[in-house]
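Asker: Sequence first, then the predicted structure, then my questions.
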Amino acid sequence: MPRIAYFGPQGTFTEQAALRFGAELVPVDTIQLAIASVRKGETEFACVPIENSVEGAVPATLDALVRDEPVVAVAETVLDVRFSVLVRPGTTEIKTIASHPHALAQVREWIADSLPGVTSIATSSTAAAAAAVERGEFDAAVTAPVAVHHYKLDEYATDVLDVADARTRFLLLRRPGSLPEPTGADRTSVVVTTPNRVGVLSELLTELALRGINLTGLESRPTKGKLGEYRFYIDVEGHIAEPRIGDALAALHRHSREIRFLGSFPKADHEPVEARNDEFAAAATWVDAVRKGERG
Ligand SMILES: O=C(O)C(=O)C[C@]1(C(=O)O)C=C[C@@H](O)C=C1
C-alpha cells in the first residue's frame, strides 16, 4: 500500500484531505517535512495545503515546492473548512487561544466578538495547537472538528467561521514520473522566475491569453535573493499533454530565467475545460502539410 506523509499531527485538516486518497498515512510535523519525505523516498506521496478561499496561498507550501529536488502534484482535493474551539475539560476562563496562522485568520472576528481580550498564538498546525492545549500550554485551540476525537479536550464552540463556505485546496505530491492521464478537466501548475525587465509578467500572461488558456491562480513569492525579485506561481486550466498547454509552457520557458513544472492533474471540481484542442490539432496538421510541400 502506498504511503502518504501528511502535514500533521493527527487531527489536522490535511489529514482529512489525505484520507480521501486511500493510502497509509504518516503524520509529520511540518509541510517541509512532508515534502522532504517524498524527496528522500521515505514515502511515495505527500499531502499539503496549498490555498484557502479566505486567507489565500499557504506560503510554507509555495516555498517548499521550489527548494531542492522537484516534486510534482498528481492530484488535488478541496475541503470545506469550519472550525471547532477546543478546551481542557473544566476550563472556565480563556486567556490564550492557539492555532495555525491560516486558521486564526479565518476566525479573527469570532475571537474578537466571543473572546474579547484573549491572546492569539500561532502554532505549527491546528492539531499541534490541540496537543499544546492538552499539555496545558494554552487555554483553547482552533481546530478541525475531528481533532476532538484525537485529544482529551472538550468542544467550547463548533461551526466557528467568519466567512461562510470557506474552502482549502490540498495537493498530493510525488517525485516526477509518469504524469496522470489528461481527463479534459485538468489543472497545470508551474513556477517561473523572470528577468527583471519592463512588461515581463504581462508577456507571460499574454502567452496564455493568446492560446485561450484560463488562468486559475497567480501568486508571487520573493526569491529570497535580491529585494524586489519574485517567483510567480501560475495555475492554468488544461494538461501539458494538450498541444496549446505544451506550446504555452514552451513560451513561458523562453521568457523565464528559471521554470519548474509543478504538475498536470485532474481538477477537484471536475468541471470540463473548454480547450479548442481540435482547432490546435487542425492548425498543426496544416503547418505539417505546408512544410512537406503538400499544401499551400
Ligand atoms: O493546520 C491544519 O489543520 C492544516 O491542515 C493547515 C490549514 C492551512 O494551511 O490552511 C488547512 C486548512 C485550514 O484552512 C487551516 C489550516
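Answerer: Thanks, I have the structure now.

Asker: When you work out contacts or count neighbours from here on, use the C-alpha atoms and nothing else.
Answerer: Noted.

Asker: So Val81 is in contact with Thr168, correct?
Answerer: Yes. Counting by CA atoms under 8 Å, Val81 touches Thr168, with 6.7 Å between them.

Asker: So which residues of the stretch 51-200 of the chain form helices?
Answerer: With DSSP state H, counting those that start in this stretch, the ranges of helices along the stretch 51-200 of the chain come out as 59-66, 101-106, 108-114, 126-134, 200-210.

Asker: Which elements pack onto the fourth one?
Answerer: For helix 126-134, the packing partners by 3 or more CA pairs under 8 Å, 6 or more residues apart in numbering; DSSP states H and E come out as strand 83-87, strand 96-99, strand 140-143.

Asker: Can you tell me which of those is most buried?
Answerer: When those are scored by mean count of other CA atoms under 10 Å, the highest mean neighbour count falls to strand 140-143 (a mean of 32).

Asker: how about it, does it reach the ligand?
Answerer: No. Applying CA under 6 Å from any ligand atom, one finds that strand 140-143 is not in contact with the ligand, the shortest distance being 6.5 Å.

Asker: Can you list the strands that that strand pairs with?
Answerer: Strands that pair with strand 140-143, judged by DSSP bridges, come out as strand 83-87 (antiparallel), strand 96-99 (parallel).

Asker: Can you say which of these is nearest to the ligand?
Answerer: Between the ligand and the strands paired with strand 140-143, the shortest gap by CA to the nearest ligand atom is with strand 96-99, which sits at 7.3 Å.

Asker: my guess is Glu134 contacts Leu153, does it?
Answerer: Yes. Using CA under 8 Å as the test, Glu134 is close enough to Leu153 to be in contact (6.7 Å).

Asker: joint contacts of those two?
Answerer: Residues touching both Glu134 and Leu153 by CA atoms under 8 Å, 6 or more residues apart in numbering: Val87, Arg88.

Asker: distance between the worst-scoring helix or strand of the chain on mean pLDDT and the chain's centre?
Answerer: Every helix and strand of the chain was ranked by mean pLDDT, DSSP states H and E. The lowest is helix 277-291, at a mean of 90. For helix 277-291, the distance between its averaged C-alpha position and the chain's averaged C-alpha position is 36 Å (CA atoms, centre = their mean, to the nearest Å).

Asker: Output it as CSV, nothing but the C-alphas.
Answerer: Taking C-alpha atoms only, helix 277-291 is exported to CSV below (Å, rounded to 0.1, in the frame of the first residue of the first chain):
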residue,chain,number,x,y,z
ASN,A,277,-7.9,21.2,-28.9
ASP,A,278,-9.4,20.4,-32.3
GLU,A,279,-8.5,23.8,-33.7
PHE,A,280,-4.9,23.4,-32.5
ALA,A,281,-4.7,19.9,-33.9
ALA,A,282,-6.1,21.1,-37.3
ALA,A,283,-3.6,24.0,-37.3
ALA,A,284,-0.6,21.7,-36.6
THR,A,285,-1.7,19.3,-39.4
TRP,A,286,-1.9,22.2,-41.8
VAL,A,287,1.6,23.5,-40.9
ASP,A,288,2.9,20.0,-41.2
ALA,A,289,1.4,19.6,-44.7
VAL,A,290,2.8,23.0,-45.8
ARG,A,291,6.3,22.1,-44.6
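
Asker: Output the set of residues of the stretch 51-200 of the chain in proximity to the ligand.
Answerer: Near the ligand, when you scan the stretch 51-200 of the chain using CA under 6 Å from any ligand atom, you find Asn52, Val58, His100, His102, Ala103, Ser125, Thr126, Ala127, Thr168.

Asker: okay, the helices and strands packed on helix 126-134 in JSON lines with mean pLDDT next?
Answerer: Compiled in JSON lines, the helices and strands packed on helix 126-134 are given as follows (pLDDT from 0 to 100):
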{"stretch": "strand 83-87", "mean pLDDT": "98"}
{"stretch": "strand 96-99", "mean pLDDT": "98"}
{"stretch": "strand 140-143", "mean pLDDT": "98"}
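
Asker: Of all these, which one is nearest Ala284?
Answerer: Taking CA to CA as the criterion, strand 83-87 is the member of the helices and strands packed on helix 126-134 that comes nearest to Ala284, at 51.3 Å.

Asker: Can you give me the neighbour number for Leu79?
Answerer: 16 (other CA atoms under 10 Å).

Asker: list the contacts for it?
Answerer: Phe13, Ala17, Arg167, Thr168, Arg169.

Asker: And Gln106, by the same measure?
Answerer: Applying CA under 8 Å, 6+ apart, one finds that Gln106 lies in contact with Val54, Glu55, Leu161, Asp162, Val163.

Asker: Test my guess that the last one contacts Ser53.
Answerer: Which is Val163. No. The criterion here is CA under 8 Å, and Val163 misses it with Ser53 at 9.4 Å.

Asker: Nothing else from me, thank you.
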